[in-house]
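> predicted model and sequence below, questions to follow.
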Amino acid sequence: MRTTTSRSFLALTGAGLVLTLAACSGGDSESSSAPEPGPLEVYFEDLYSDWDSDEGQAQMMRAEEIAAECMAEQGFEYIPQDTSGGASYSSEDLDVEWGSAEFAEQYGYGITTDPWGTGEEEPVAEEEWVDPNAEYVEAMSQSEQDAYYAALYGTDPGPAEGEEEEWEYDWELAGCQGLAQHEVYEGGDTADSEKFAALEDEMTRMWEATEADPRLSEASAEWASCMADAGYPGLAAVGDAEEAFYEELNAIQEEAYGQDLGEDATAEEWEALDAAAREAQSELTPREIETAVADVECRDEVGYTEVQTEVNHEHQQEFVDAHKADLDAYVEHVRESMG
């Protein structure tokens, strides 16, 4: 049996990712606006143009209700969790354009910095969130808890180390939560999901071909040479500099929070870990900003954004020309599944 996955939304996310990368490709202070979306990206922009946070919240609550119904069928109680009230941030809320020269000068890549200023205001006192199912689960024996979580989250252990690329999500192995996500976000129709599998495979190959285009590779090599001249050697492609800071930040967090303080750890001990992690993170910030500024300048110097846009649009247009009828049907299917 073919593995059924959340392919529709993964493919759409891929398109959004290309838009984000293009918008963050930089340029000088006068020309650092986001490139025009390509022909395929327009499909997805239109698809989500009417989406708002209320719709998203309604979908999440519906998923929680379906999970509760599923758990009841298996003999367990599950109280739907209220997912409202979470903060959300958008690049539209920033005082400068993400990825621009001004952004780099102030926030670097936005990795160790705080572009939205979330840490500048005193936190508003909020009632601590409590899992409504915690007391029910804690009253169970260990074997009962294992059965409960297997019913809720499924039995798929996820990808083994080093096998992430081979692993494929299967909602049928993800328990009641997997069923709920499938029903809400994929329309609950496996046949329809399978119908567009080939189109999504082709879409993935199109994005891969775009990234591998010789013109983009050449522009990326020129960028790497520029970065080396600016004092940042050893970079092979655009994105490597940014990724290096994510890796450093992950190492800091793993070192700080990977410690076993034991069950008797005090709040003061945890606060000390937080403080140490924040201090180590802040030490990265000056270097992050310097690197990001050089990154933007080099992308502008070699015309990377212009090449990237040209390559993206060309590959997307070819894809749309070859698959327009299927794309129209695909978008209509996703729109219907979104309710």
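Ah, there it is.
> is it correct that Ile79 is in contact with Pro132?
Yes. Between Ile79 and Pro132 a contact is recorded at 4.0 Å, counting by C-beta atoms under 8 Å. Bear in mind the C-beta positions are built from the backbone N, C-alpha and C, glycine included.
> could you point out which element follows the helix or strand hosting Glu279?
Remark: Glu279 resides in helix 267-302, with elements defined by DSSP states H and E. For helix 267-302, the following helix or strand on the C-terminal side (DSSP H and E) is helix 304-337.
> what angle do that following helix and helix 267-302 make?
Calculated by axes from the mean of the first three to the mean of the last three C-alpha atoms, to 10 degrees, helix 304-337 forms an angle of 120 degrees with helix 267-302.
> from now on call the first residue 397
Sure, I'll start counting at 397 from here, so that last one is helix 700-733.
> return the distance of helix 700-733 from the chain's centre.
Using C-alpha atoms, centre = their mean, to the nearest Å, the distance from the centre of helix 700-733 to the centre of the chain it belongs to is 20 Å.
> list the helices and strands that helix packs on?
For helix 700-733, the helices and strands in contact under the criterion 3 or more C-beta pairs under 8 Å, 6 or more residues apart in numbering; DSSP states H and E are helix 403-419, helix 435-444, helix 593-607, helix 610-625.
> was I right to think Met457 contacts Pro476?
Yes. Using C-beta under 8 Å, Met457 makes contact with Pro476 at a distance of 6.8 Å.
> quick one: residues contacting Leu631.
Contacts for Leu631 (C-beta atoms under 8 Å, 6 or more residues apart in numbering) come out as 620, 623-624, 637.
> could you redo the last one with a cut-off of 6 Å?
Leu631 is in contact with 620, 623, 637, counting by C-beta atoms under 6 Å, 6 or more residues apart in numbering.
> secondary structure element for it?
With DSSP H and E as the test, Leu631 turns up in no helix or strand.
> got the phi and psi for the residue nearest to Ser613 when sequence neighbours are not counted?
Excluding the flanking residues, the one nearest Ser613 by C-beta to C-beta, 6 or more residues apart in numbering is Ala633, at 7.9 Å. Geometry field for Ala633 lists phi and psi as phi -150, psi 160, criterion degrees, to the nearest 10.
> and Ala633, how many neighbours?
The criterion is other C-beta atoms under 10 Å. On that basis, Ala633 has 15 neighbouring residues.
> separation between it and Gln704?
Spatial separation of Ala633 from Gln704 under the definition C-beta to C-beta, to the nearest Å is 12 Å.
> just Trp603 next, same as before
According to C-beta to C-beta, Trp603 and Gln704 sit 13 Å apart.
> which residues of the stretch 497-646 of the chain fall in helices?
Along the stretch 497-646 of the chain, the segments classed as helices by DSSP state H, counting those that start in this stretch run 497-503, 530-534, 538-549, 571-581, 586-591, 593-607, 610-625, 636-653.
> closest one to Leu680 among the ones you listed?
Set against Leu680 and scored by C-beta to C-beta, the helices of the stretch 497-646 of the chain come closest in helix 636-653, at 5.9 Å.
> now what about the closest one, what contacts it?
Taking C-beta under 6 Å, 6+ apart as the criterion, the residues outside helix 636-653 that touch it are 505, 507, 631, 669, 672-673, 676-677, 680, 684, 687, 691.
> of these, buried ones?
505, 507, 631, 669, 673, 676-677, 680, 684, 687, 691 (16 or more other C-beta atoms under 10 Å).
> which of those residues sit farthest apart?
Applying C-beta to C-beta across these, the maximum distance is between Leu631 and Leu669, 32.2 Å.
> count the residues that sit near Tyr700.
By the measure other C-beta under 10 Å, the count of residues near Tyr700 is 23.
> pLDDT value on it, please?
Confidence at Tyr700, expressed as pLDDT, is 94.
> so where's the stretch 447-596 of the chain shaky on pLDDT?
Applying pLDDT under 70 to the stretch 447-596 of the chain flags residues 447-451, 479-489, 514-525, 556-562, 582-591.
> do that again at 90, thanks
Applying pLDDT under 90 to the stretch 447-596 of the chain picks out residues 447-456, 477-495, 510-527, 551-568, 577-596.
> related to what we said a few turns ago, how about the helices of the stretch 497-646 of the chain, which one is nearest Tyr700?
Proximity to Tyr700, assessed across the helices of the stretch 497-646 of the chain by C-beta to C-beta, is greatest for helix 610-625 (4.8 Å).
> now the angle from that closest one to helix 636-653?
Our comparison of helix 610-625 with helix 636-653, counting by the same axes, to 10 degrees, yields an angle of 70 degrees.
> quick one: helix 610-625 to helix 593-607, angle?
Orientation check (the same axes, to 10 degrees): helix 610-625 against helix 593-607 gives 50 degrees.
> just how off-centre is helix 610-625 within its chain?
How far helix 610-625 lies from its chain's middle: 26 Å, per C-alpha atoms, centre = their mean.
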